[in-house]
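>>> Quick check, what structure comes out for this input:
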Amino acid sequence: RLWRSRPGPRAVLATVDGVLPGLWAGGDGLPLRLGLGAVPTRVAWVDSAGRTHPTVDDTPVVVDRARVRALAVVGPARGTDGHLRALVGQLCATHAANRLALGVTDPDGAWAWTRLLPQHADLSVLLAPQPPGAAADGHRVLVVTRADAVDGGSAALITRALDAGAHVIVAATERSGVPGGVATVVAPGPDGRHVVETVESSSGSLVTLDLVGTWWADRVGRALAPLRTSEHSRGGGLPTAVSLAQVWQPSGSSPTDIERRWRARSDRATTPAAVVGVTADGPFSVDLVRDGPHVLVGGTTGSGKSEF
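Numbers count the residues shown, from 1 in each chain. As a prediction, the model looks like this:
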């Protein structure tokens, strides 16, 4: 179940590339996969020694951002950058732009790829306080890529973000560099793994972090860059199919209606255009002069190309 619901970087990349389904299928929660480790099962083993839950190795280790408002990752910059890239890609593959606003500090220009993402937002958006009594509309996440490279100090920035209702992910090279107010820390542990330290326990679960390179981040950014969502989709979305008669409404599809449109077009200089479907804003047309001169219809066998 965890493997299906919390895929790794390879599956995230395949999802944004359209090879796998599930793009922007995240719910109201904000769980984050950190990597792989030993995770307790729901199975309970009861014997004379008491009740225990066996663990399963190489299973996704997940933190619930609804409970963990601020998360710090500690280690050399090369490792923390790789992990933060994986987390940002995971978030943006799971939540659409109308459900996620993402702000990233970029002291050296290495995170310019995040500006390609439709979820990218200015820091002022994340730091703006929510009006009293306002219902949360999606998630706001601040990513601080260098805790020691923030003008005015990262602690003040993180405090402002938390006070505004945003979530925070911050990277630090040393444990002592983790800003105050960050209760959950992913710190270096034995054998190249990390330890998830919480307020309840400083000897938490061991995890092998997901790490990705700059090429992976660039692929994710370029794949998501042209995608947008319609605010109308929250009210039920687009139909799975639409007939030609429905597309032509309200102009009508009777022979008389068709003849009237022919005469109207022949009376003035017009371009070859045709209504081919609907969007959330109404009928959608293709104009061979404006959009052409060619139109390519793609799809697998049986997807409806010939009927279209």
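>>> Every contact and neighbour count from this point should use C-alpha atoms.
Fine.
>>> which residues of the stretch 151-300 of the chain fall in helices?
154-163, 214-224, 244-248, 255-266 (DSSP state H, counting those that start in this stretch).
>>> Which helix or which strand is home to residue 88?
helix 77-94 (DSSP states H and E).
>>> Am I right that residue 43 is in contact with residue 53?
Yes: if you go by Cα atoms under 8 Å, residue 43 and residue 53 touch, sitting 5.8 Å apart.
>>> out of these two, which sits in the more crowded spot?
Legend: neighbour count by other Cα atoms under 10 Å for residue 43 and residue 53, higher for residue 53 (13 against 10).
>>> Without its sequence neighbours, what residue ends up closest to the more buried one?
residue 44 (4.8 Å; Cα to Cα, 6 or more residues apart in numbering).
>>> Give me the distance between the one you found and residue 28.
29 Å (Cα to Cα, to the nearest Å).
>>> Ok, residue 193 next?
When residue 193 is compared with residue 28 (using Cα to Cα), they lie 30 Å apart.
>>> ok, the two, which is more surrounded?
Higher neighbour count among residue 193 and residue 28: residue 193, with 16 against 12, using other Cα under 10 Å.
>>> OK, contacts around the more buried one?
Residue 193 sits next to 206, 207, 208, 209 when contact means Cα atoms under 8 Å, 6 or more residues apart in numbering.
>>> between those residues, which is nearest residue 147?
For the contacts of residue 193, the closest approach to residue 147 (Cα to Cα) belongs to residue 209, at 19.3 Å.
>>> ok, that closest one touching residue 83?
Yes: contact between residue 209 and residue 83 holds when scored by Cα under 8 Å: they sit 6.7 Å apart.
>>> List phi and psi for the closest residue to residue 210 other than its chain neighbours.
In space, residue 210 comes closest to residue 35 once its chain neighbours are excluded; the distance is 4.7 Å by Cα to Cα, 6+ apart. Phi and psi for residue 35, reported as degrees, to the nearest 10, are phi 170, psi -150.
>>> Quick check, pLDDT for residue 35.
We note a pLDDT of 96 for residue 35 in this prediction.
>>> For it, name its beta-bridge partners.
Using DSSP bridges, the bridge partners assigned to residue 35 are residue 61, residue 209.
>>> got the contact list for it?
Per Cα under 8 Å, 6+ apart, neighbours of residue 35: 8, 60, 61, 62, 207, 208, 209, 210.
>>> picking that back up, buried members of the contacts of residue 193 into PyMOL, please.
To isolate the buried members of these in PyMOL, using 16 or more other Cα atoms under 10 Å:
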select buried, resi 206+207+208+209
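>>> Among the contacts of residue 193, find me the one that's closest to residue 92.
residue 209 (18.4 Å).
>>> Show the contacting residues for the closest one.
Applying Cα under 8 Å, 6+ apart, the residues near residue 209 are 34, 35, 36, 83, 193, 194.
>>> Pipe these into CSV and attach distance to residue 227 per row.
Formatted as CSV, those follow (distance: Cα to Cα, whole Å):
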residue, distance to residue 227
34, 26
35, 27
36, 30
83, 24
193, 36
194, 35
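>>> Good, wrapping up.
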